[in-house]
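>>> Dropping the sequence and predicted coords here.
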Amino acid sequence: MKESKTSKQLLQELLNQHYEEALEAKKSGELVAWSTSIAPQEFLETMDIKVVYPENHAAAIGARKCAQEFIDNSEARGYSIDLCSYARVNIGYMDIKESVAGNIPMPDFIFCCNNICNTVIKWYENIAKELHIPMILFDLPFNHTYEVPDHSVKYIRGQFENAIVQLEEISGKKFDYDRFKEVMKISSETAKWWKQASNEAAARPSPLNGFDLFNYMATIVCMRGKKEGLNLFKLWAEELHDKAKRKEGPWKDAEEKYRVMWDGIACWPYLSDTYKVLKKNGINMVTSTYPDSWSIIYDSNDLDGMARAYSSNYANRNLEFGADNIVKLVEDFSLDGIIFHSNRSCKLMDFRQYEVQRKVSRRTGIPSVIFDGDQTDPRAFSLAQYETRIQALVEMMEQKKKERANRE
Amino acid sequence: MFLGVDIGSTTSKAVILDSKLNILSASVINTGTGTLGPEKTVKAVLSKAGLNEKEIQYSVVTGYGRMTYQKADKQITEISCHARGTFFLKPNARTIIDIGGQDAKVIRLDEDGRVKNFAMNDKCAAGTGRFLEVMARILDCRINRLSVLSQKATEEINISNTCTVFAESEVISQLAAGVKRENVAKGAHKAVAKRVAGLAGRIGVEPDVVMTGGVALNKSVVDALEQEIKEKVTVLKKPQIVGALGAALYAFEMIDM
């Protein structure tokens, strides 16, 4: 019975189904796209084109602790250690084509949106060039102004309209505007429920163990435009809401003593190590900058709104917004501290990290730490160093708690 | 009696305090994490104070080897312990620069001695004692003579590489090109100071600046640091035992509370 399934079971089923369908489509000669993680998938979903996400796949390879083989392969073929490790894993996979973490079909075209990263274009261009396949590019300029300026919206909308023409050419099919309207509606709804679910973590104690966010993230990437995705996030939000009503915390066997946010991508090869150190210290990661990244909400049939929404994610916004966003999370989620992952791969996020830390610390007074790691390259992380930094954070948070208690 | 143990990567330190917070004894052993160094240093500090283990009311361990040392009652990070020890000895301290065998950290304190913020080196060993050890080896100089060698420099060479391994080959080619050993030594100290000043810049420097850790014994590093951060740097009398002292102070507080 479908009703009796938990969202966790459903999540796994949907992910398996997602990869199986893509592999199946490839076998039967249908088109397959490779896409960046926050791209306007609405266009692909409307055309019923199967799509897989190399970032998701690289993260899965990292979490299964088998990234090194792919990284070695791409480095041996001349890709520098200084490049993003998702790119190095993916480029290695294009050659090896086999992983215990699951396989993905090779792409027939590339669907690339640079709202997540300014350098991601080069990675995807390389794939397109190597495989001699077309690339649809969405250039969403970095917002140096606080809000997305109107001229950017116009520029992005133009690219959306052009992408429809490109997709019609590549697929030889007509774009169905009625279906598009429907997909837009589902996508926005799914995004609302994703945000709703992650907001449940504001309760004290949080019903959500924040590392679950990392798991559910795979589905918000690949299922946003599908009814199944919508149902999954609705179910997850309801589960969390009920848990919060029952005042249940994140763990059955431990108490939530400190609430923190995690800035940056997970350290996939050490996911359980990084998690265990936190849990051991009673730290629950209740939020991150992720919930807002897929909170892409706009009115159905509003292409300008859609353009604005896709350009509004955290990674594409200026420093002031970055700091304001975290200050708001500190307040909304009653945070005791912040963990910043200085991710060797991600120049975009690291670039402003120190300054964001300074600004947030000045405005909120809560302690934070930065640790060095990488999203998928296992060589850039030291567990002992991580543990010392986390323990120092605990000591600072404890001190603050004592001061608060003394004042009250 | 209260015991603090600080197990670093290259040395093990211990301090015993009495209940009036007098330092009864301190010891520094040139063996770091593992079983031998910590055991030796605890034995030495007990015998110097004329005490046996049972007379210790509470003990706290800190440092890189704190997780594997089983005999202490509690473990606390070196960040908190250096802050505690430094503030006890020098209440005007607002910035601590601690350079040890394999890590470097800068800690900011508030007026009550609490940790406001800190920054530590990443996985790289540049800017730590290990970097100076590697340089001393290439220069065929004992580590405790490296500073003296550097003081004889007639000019300063620039070691541009941020990585210890690359810096090693850079220095080898400088020596091969006829650059004098003392000038290279001076460049090595400057390289450490620059790296640590970068860390300090991240969280800001506020006087008084106090230096702790084994590398504080090296005058050339201290001089170079003063130049880089443009502040006077005070070196505590026994900079190596400050972490262990902080641990002993925490041990005292545990019972006192």
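That came through fine. Numbering: from 1, shown residues only, chains lettered A, B, ... in the order given.
>>> C-alpha only now, for contacts and for neighbours.
Noted.
>>> Tell me where the chain has strands.
In the absence of a named chain, chain A is used. A:32-35, A:50-52, A:109-113, A:135-138, A:258-263, A:283-288, A:337-343, A:368-373 (DSSP state E).
>>> look at chain B instead
Counting by DSSP E, the strands of chain B are B:2-7, B:12-17, B:23-29, B:58-62, B:74-75, B:95-99, B:104-109, B:115-120, B:209-212, B:233-235.
>>> just for chain B, where's the confidence low?
Within chain B, the segments meeting pLDDT under 70 span B:123, B:162, B:257.
>>> Now render the strands of chain A as TSV, adding distance to residue A:157.
TSV is the format used below for the strands of chain A (distance: least, Cα to Cα, whole Å):
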stretch	distance to residue A:157
strand A:32-35	19
strand A:50-52	22
strand A:109-113	13
strand A:135-138	10
strand A:258-263	30
strand A:283-288	29
strand A:337-343	32
strand A:368-373	37
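>>> Residue B:224 and residue B:188 touch, don't they?
No - using Cα atoms under 8 Å, residue B:224 is not in contact with residue B:188; the gap is 10.1 Å.
>>> Have a look at those two and say which one is more surrounded.
Using other Cα atoms under 10 Å in any protein chain shown, the more surrounded residue of residue B:224 and residue B:188 is residue B:188, with 30 against 20.
>>> Residue B:134 is in contact with that one, correct?
No - counting by Cα under 8 Å, residue B:188 stays clear of residue B:134, with 9.9 Å between them.
>>> which one of the strands of chain A lies closest to chain B?
Closest of those to chain B is strand A:368-373, at 6.1 Å (criterion: Cα to the nearest Cα).
>>> That closest one pairs with which strands, and in what direction?
Strand pairing for strand A:368-373, using DSSP bridges, gives strand A:337-343 (parallel).
>>> And the contacts of the strand it pairs with?
Here strand A:337-343 makes contact (Cα atoms under 8 Å, 6 or more residues apart in numbering or on different chains) with A:258-266, A:349-350, A:353, A:366-375, A:393, A:397.
>>> can you do 7 Å?
Strand A:337-343 has contacts (Cα atoms under 7 Å, 6 or more residues apart in numbering or on different chains) with A:259-264, A:350, A:366-375, A:397.
>>> Redo the strands of chain A as TSV? Include mean pLDDT.
Below are these laid out as TSV (pLDDT from 0 to 100):
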stretch	mean pLDDT
strand A:32-35	98
strand A:50-52	97
strand A:109-113	98
strand A:135-138	98
strand A:258-263	97
strand A:283-288	96
strand A:337-343	96
strand A:368-373	95
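>>> Can you tell me which of those is packed in deepest?
strand A:283-288 (a mean of 27; mean count of other Cα atoms under 10 Å in any protein chain shown).
>>> Can you tell me how far the spatially most central residue of chain B is from residue A:213?
Among the residues of chain B, residue B:213 comes closest to the average C-alpha position under Cα atoms, centre = their mean, at 1.7 Å. Going from residue B:213 to residue A:213 by Cα to Cα, to the nearest Å gives 41 Å.
>>> Return the residues of chain A in contact with chain B.
When proximity is defined as Cα under 7 Å from any Cα of the partner chain, chain A approaches chain B at A:372, A:388, A:391-392, A:396.
>>> Selecting buried members of those in PyMOL, what would you type?
Buried residues within those, by 16 or more other Cα atoms under 10 Å in any protein chain shown, are selected in PyMOL with:
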select buried, chain A and resi 372+388+391+392+396
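>>> Take the residues of chain A next to chain B and keep only those in helices.
A:388, A:391-392, A:396 (DSSP state H).
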